[in-house]
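Visitor: Quick one: sequence plus predicted model below, questions after.
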Amino acid sequence: MRLLARLAHAVDDRDLQAYRDCLADEVLCLSAAGVWQPELGDAYAQRSLDSVSAMEWTHHRLCNFVVEVDGEKARARVDVVAEVQPSDANHATARVTVGGRYDLEFARLATGWRITRRHMTTRYTIGDPTVLERARGARLATGGTSPSRAGPR
């Protein structure tokens, strides 16, 4: 639970190093084609922060933890509610809430527990989800990249 709270804080703070520190060297991710594929932890962390970098702010809340520990490995299902405030090129804003469930696997490494597999299934969206894509598109059009910083946005 602490590891996942650290991950949520790191993404909301846009802290790339703190986010990366929650991951194993390789993380299994479900592709758009429905195939589990390994991704290097550094690339996964960068992609994750890039996905929220167009947002004015995000706030992730985690609850309903179901964690099963088996020696040096663990699995979890965790509900997530993410509030996001995107900002488009015209500075128009519209808050969106996305709720879903994370399916995760972990390994206890020399550096502590780390995420080895992660997938989020969206269960609902409140607000207009197209504003998220418009905000991301505006960031890409202006050549924006993910900031890495320790403080809240």
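Guide: Alright, I've got the coordinates.
Visitor: Please tell me the pLDDT value assigned to the residue nearest the centre of the chain.
Guide: Centroid-nearest residue in the chain, with C-alpha atoms, centre = their mean: S48, separated by 5.3 Å. On pLDDT, S48 comes in at 92.
Visitor: For the remainder of this discussion, apply numbering that starts at 36.
Guide: Let's use 36 as the start, then, which means that last one is S83.
Visitor: can you tell me which residues contact it?
Guide: V46, Y54 (C-beta atoms under 8 Å, 6 or more residues apart in numbering). Placement of C-beta: from N, CA and C, glycine included.
Visitor: How about the secondary structure of it?
Guide: helix (DSSP: H, G, I helix; E, B strand; the rest coil).
Visitor: How much space separates it from K108?
Guide: Distance of S83 to K108, given as C-beta to C-beta, to the nearest Å: 22 Å.
Visitor: With W148 instead?
Guide: 10 Å.
Visitor: Looking at the two, which is more packed in?
Guide: W148 (18 against 13; other C-beta atoms under 10 Å).
Visitor: is that one in a bridge, and if so with what?
Guide: Going by DSSP bridges, W148 is paired in beta bridges with R143.
Visitor: Find the helix or strand that L139 is a member of.
Guide: L139 belongs to strand 131-144 when elements are defined using DSSP states H and E.
Visitor: Buried residues of that strand, list them for me.
Guide: Within strand 131-144, the residues scored as buried using 16 or more other C-beta atoms under 10 Å are V131, V133, G135, R136, Y137, L139, E140, F141.
Visitor: what residues are up against the second one?
Guide: The reference is to V133. Contacts of V133 by C-beta under 8 Å, 6+ apart are V116, A117, V119, T157, Y159, T160, I161, P164.
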